[in-house]
Structures are given as C-alpha cells and as structure tokens.
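>>> Compute the structure for the input listed below.
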Amino acid sequence: MNTILIKAASIVNEGRIVVADVLIKAGFIEKIAPNIDEPADQEINAEGLHLFPGMIDDQVHFREPGLTDKADIFSESMAAVAGGITSFMEMPNTIPNTLTQELLADKYQIAAEMSLANYSFFMGASNTNIEEVLKTDPKNVCGIKVFMGSSTGNMLVDNETVLENIFKEAPMLVATHCEDEATIRANMALYKEKYGENITIDMHPLIRSAEACYISSSMAIELAKKHGTRLHILHISTGREVALFDNITPLKDKKITAEACIHHLWFDDKDYATKGNWIKWNPAVKTAEDKDAILKGVLDNYIDVIATDHAPHTIPEKEQSYLKAPSGGPLVQHALPALFEMYHQKKITLEKIAEKTAHNVATCFNIDKRGFIREGYWADLVLVNLNDPFKVTRQNVLYKCGWSPFEGQTFQAEVTHTFVSGNLAYQKGRFMTRENGKRLTFNR
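Numbers count the residues shown, from 1 in each chain. Reported below is the predicted structural model:
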C-alpha cells in the first residue's frame, strides 16, 4: 500500500491556514494532525511550503479528438498538473462535437488511458440532440454545455424552443456560454462596413460587446428561474453581469452560479496593444473597470468559482489577421501562479484562492470526496513555494501549442509538488508517475 507523509505544511483549507502533517494512504487523506509519527513509503519535508487542495478547473478545451494539432488530453493534462490543477472538466466542441452518449463515452475512454489529471466531460447540446442530452447520467458526468453564443466549434443553440426544452428538462447542471449572437453579428456588420477586412484586435470587445454578454446572461437566468434549472454561467467578462447573481444564498443552495476566468481577472483592453491576438478570447477581455468589478464579484461571492477556459490554438493560427485568428489561449499551467501573483499584489487572500479554485467547484458540481483537505477525501493536493520566482518563456511552457499569453511574466510563486488521487504526479519540474487520474463522480 503506497503511503506518503507530508510534514509541517502550512495547510490552506476552509478559511484557515494551519501548520500540520498529512498522511496519504491508498489514494486518500488518511490523517491530518500537528505531528504524525508513522512510517511511510515516502516522506516530504514541506516546511515553509503551503499545501492547497488541487485546483478543479471546470472549463477547459483539450481539443481531443479531432484537433490534436493544437492540444491533446495527455499534453494538456501534463501542463495542468504542473500548474497545480488536479482535476478538469472538458468541453464538447471537439471534432466530432460531443453530441451523443457514444461520443461522450469515447472521450472518457481516451482520458482513462491518457490523462495525468482527474477528469470529467460535458455533454454537448445542439439544436437537434435533446433526446441524447436527456440520457446523460448526473452521477458520472459533470454537466450539459450550451453555447448561447457561437464560439470555436459551431455549436450555437439558437432555437428558442430547444433552449426552453433544455432548461425545462435537463436532469443536471447546465453550463452556458452567454453572448447574444444577433448583437455580435450586427456589431460585426457595422465594423466591416467601416473598416472592411482591416478590423483590428482592439475592436474585439466592441464587437463581442458587454451588451451582447448582458443580454444573453439575462436571458439564461430568466429561463433558469422560470424552469428551476441548475444553471452555471461561464466566464463572466463584464461588471454589469456581476449584479445578476446572488451573494446571500449559501452556495450549496444556489440554483444559479457563475464563473470568472483567469484572463478576465488579469488582462484588460489596454493589453491588446502589446498582446494582440494572443489575448483574443470569447467573451472578449474588456475594460479595466470590468476586470476590477469581476474581481470584486469574486471576493464578494457573487461569482462562485475561478477557472481557465484553457483553449489552445497553434502559433500560425494566432499570427493571422484579427478576423482570421481564432479565439482562445492556453492557461492551465499558469492559472494558480497568476492567482498567487495577485495574492502578492494584495488583491486576494490564499484562503480565497483555495475557496474559489477548489472548495466551491466541488460544492457547485457536487463532486464526491474532492476539493477539500479532509480525512477520508481523495488526496488531490498541491505544494507551493510562495517565494520562488520564475519567468514564463516559450522554452518552459508544456502546452502542445508551444506558447502562453503570460510569456515574459515573472511569477513569484511556483508549484513544487502535485498529488493526483494520492499519487505524487509532479515534483520540481519532473513528472514522477505514469499513473493516470480518475474519473470524477458526483453526489446527485
């Protein structure tokens, strides 16, 4: 039986930081105590290091199957584990789109063979597959994904009757990408009339506008309230949307929840001048005021979780003109370091980082025995040195696409060890095991 003893870690968990030992046995946290004096197969001195619950990323695009020139489950799960992400939930806009139970099962099979991190996959909704959607098992699938605005992959659900039926009949959490398609198309037509093919990246947040986001998010919330749907709105990108959510109801009782992403907390529209298409996302990075309001929404509990929306594209694709370059970028390796940088900037506490990246994701999705540092829970853990600076370069990114929007950035904190389901998967730049992650299960 494999046992690991972590000694003298500063444990960041459930609103407190406490120095203690943690004993891992057979994949689970066996014991947490001030001093554990038991033999173990491996002992790790964590003095001066902080121990966090592994980040659970509820929104990634790992591009497999069908787009593996950009990324695959093995490469991106490696990058995630190196960045302290121990579990991910992957989106259905792969090729073919994940629109049948058979295609969903295929992705789970790939992950079982290839993923270093724990995994779950969203079932995709379209204008024509409601019967397949309703077959989804809430106990072993994270949710149903609905694109209420078009993005990479052409999965737009714009049939009002279909939307109504999904919200009415869905047996589980519905996660939505909210941008109003009619507003975006009208904006694009105006800008094309004025600039032709010479539209530039700084116009992206004006085309995929704050108004487009607000209209669509409002509509999703209206539908959810009408039908009692368990709704989770992804990647909030405007300050105005924050006010749509509730910070009074305890998270475990909320029917409508929201997610913020790293890029909307870090970048703003001034960064287009230097970063260009490398920070082209849908929804768009918007103003500094929006960025600040989203962070405030996170801190004040209007926004419940922090994720990445990791969505790689190749360097040649991103180097095209604005109109041709796809939206999305790789983030899983540097999401936690970016949040720790925000901690150093006194924008967020360590306890809040643990809450928004792990505790709340587990609560939001009803994940079984993960997201907290508790005896009897899976040992999904991350050791961090908060004072070990490193600079992001193309040479040290692990993404298959070979680049990062954080290139040139020096982060003060670095992940030193990542434990996935009790296995030491990563230690100081090296991957320690070929043991795969496990499928997430849900208490629903």
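
>>> how about the lengthiest helix in the chain: buried residues?
Longest helix in the chain by number of residues, with DSSP state H as the criterion: helix 210-227. For helix 210-227, burial by neighbour count (16 or more other C-beta atoms under 10 Å) applies to 210-217, 219-221, 223-224, 227. To be clear about C-beta, it is placed using only N, CA and C from the backbone, and glycine gets the same treatment.

>>> Turn those residues into JSON lines, including pLDDT and distance to Met123.
Shown next, in JSON lines, are those (pLDDT from 0 to 100; distance: C-beta to C-beta, whole Å):
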{"residue": "Ala210", "pLDDT": "98", "distance to Met123": "30"}
{"residue": "Glu211", "pLDDT": "98", "distance to Met123": "30"}
{"residue": "Ala212", "pLDDT": "97", "distance to Met123": "25"}
{"residue": "Cys213", "pLDDT": "97", "distance to Met123": "24"}
{"residue": "Tyr214", "pLDDT": "98", "distance to Met123": "27"}
{"residue": "Ile215", "pLDDT": "97", "distance to Met123": "26"}
{"residue": "Ser216", "pLDDT": "96", "distance to Met123": "21"}
{"residue": "Ser217", "pLDDT": "97", "distance to Met123": "22"}
{"residue": "Met219", "pLDDT": "95", "distance to Met123": "21"}
{"residue": "Ala220", "pLDDT": "96", "distance to Met123": "17"}
{"residue": "Ile221", "pLDDT": "97", "distance to Met123": "21"}
{"residue": "Leu223", "pLDDT": "96", "distance to Met123": "18"}
{"residue": "Ala224", "pLDDT": "97", "distance to Met123": "18"}
{"residue": "His227", "pLDDT": "97", "distance to Met123": "18"}
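
>>> and which of those residues is nearest to Ala354?
Using C-beta to C-beta, Ser217 comes nearest to Ala354 of the buried residues of helix 210-227, at 26.8 Å.

>>> picking that back up, give me the residues contacting the longest helix of the chain.
With C-beta atoms under 8 Å, 6 or more residues apart in numbering as the test, helix 210-227 has contacts from 148-149, 163-164, 167-168, 174, 176, 178-180, 183-184, 187, 229-231, 233, 236-238, 240-241, 244, 255-256, 283, 286, 290.

>>> Quick check: what element follows that helix along the chain?
For helix 210-227, the following helix or strand on the C-terminal side (DSSP states H and E) is strand 231-233.

>>> which other residues reach that following strand?
58, 143, 167, 173-176, 178, 217, 220-221, 223-224, 241, 255-259, 364.

>>> Please flag which of those sit within helices.
Judged by DSSP H, the contacts of strand 231-233 include Phe167, Ser217, Ala220, Ile221, Leu223, Ala224, Glu241, Cys364 as members of helices.

>>> hmm, back to that, for PyMOL, write the selection for the buried entries among the contacts of helix 210-227.
Per 16+ other C-beta under 10 Å, the buried members of the contacts of helix 210-227 correspond to this PyMOL selection:
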select buried, resi 148+149+163+167+174+176+178+179+180+183+184+187+229+230+231+233+236+237+238+240+241+244+256+283+286+290
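
>>> In strands only, show me the contacts of helix 210-227.
Among the contacts of helix 210-227, the members found in strands (DSSP state E) are Val174, Thr176, Leu231, Ile233, Ile256.

>>> I'd like the residues you listed laid out as CSV, including distance to Pro92 and pLDDT.
What follows is the ones in strands among the contacts of helix 210-227, written out as CSV (distance: C-beta to C-beta, whole Å; pLDDT from 0 to 100):
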residue, distance to Pro92, pLDDT
Val174, 13, 98
Thr176, 13, 96
Leu231, 17, 98
Ile233, 17, 98
Ile256, 22, 98
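
>>> closest to Ser321 among these?
Thr176 (29.6 Å).

>>> Would you agree the closest one is in contact with Met148?
Yes: assessed by C-beta atoms under 8 Å, Thr176 is found in contact with Met148 at 5.3 Å.

>>> contacting residues for the nearest residue to Gln409 once chain neighbours are set aside?
Leaving out its chain neighbours, the residue that sits closest to Gln409 by C-beta to C-beta, 6 or more residues apart in numbering is Val392, at 5.1 Å. Contact analysis of Val392 by C-beta under 8 Å, 6+ apart lists His334, Ser404, Phe406, Glu407, Gly408, Gln409, Thr410, Phe411.

>>> what's the distance between the last one and Tyr343?
It refers to Phe411. Phe411 sits 11 Å away from Tyr343, going by C-beta to C-beta, to the nearest Å.

>>> just the third one next, same as before
Noted for Phe406: a distance of 16 Å to Tyr343, by C-beta to C-beta.

>>> Which of those two has more residues huddled nearby?
Phe406 (27 against 18; other C-beta atoms under 10 Å).

>>> how much space between the residue nearest to that one when sequence neighbours are not counted and Phe74?
Closest residue to Phe406 apart from its sequence neighbours, by C-beta to C-beta, 6+ apart: Val392 at 4.5 Å. Between Val392 and Phe74 the computed distance is 22 Å (C-beta to C-beta).

>>> low pLDDT regions in the stretch 51-200 of the chain?
Along the stretch 51-200 of the chain, the parts satisfying pLDDT under 70 run over 149-154.

>>> Try it again at 90.
Applying pLDDT under 90 to the stretch 51-200 of the chain flags residues 148-160, 162, 171.

>>> just checking, what packs against the helix or strand encompassing Ile306?
With elements taken from DSSP H and E, the one containing Ile306 is strand 305-307. Other elements packing on strand 305-307 under the criterion 3 or more C-beta pairs under 8 Å, 6 or more residues apart in numbering; DSSP states H and E are strand 55-60, strand 256-261, helix 262-266, helix 360-365.

>>> which residues does Glu407 contact?
Here Glu407 is in contact with Val392, Thr393, Arg394, Val397 (criterion: C-beta under 8 Å, 6+ apart).

>>> That one: what secondary structure?
Put simply, Glu407 is coil when judged by DSSP: H, G, I helix; E, B strand; the rest coil.

>>> And it, how far from Leu231?
Remark: distance between Glu407 and Leu231 (C-beta to C-beta) = 36 Å.

>>> same question, Cys178
Distance, Cys178 to Leu231, by C-beta to C-beta: 10 Å.

>>> Leu156 too?
Distance of Leu156 to Leu231, computed by C-beta to C-beta: 18 Å.

>>> what are the ranges of the helices in the stretch 301-444 of the chain?
For the stretch 301-444 of the chain, the helices defined by DSSP state H, counting those that start in this stretch occupy 315-318, 335-344, 350-354, 360-365.
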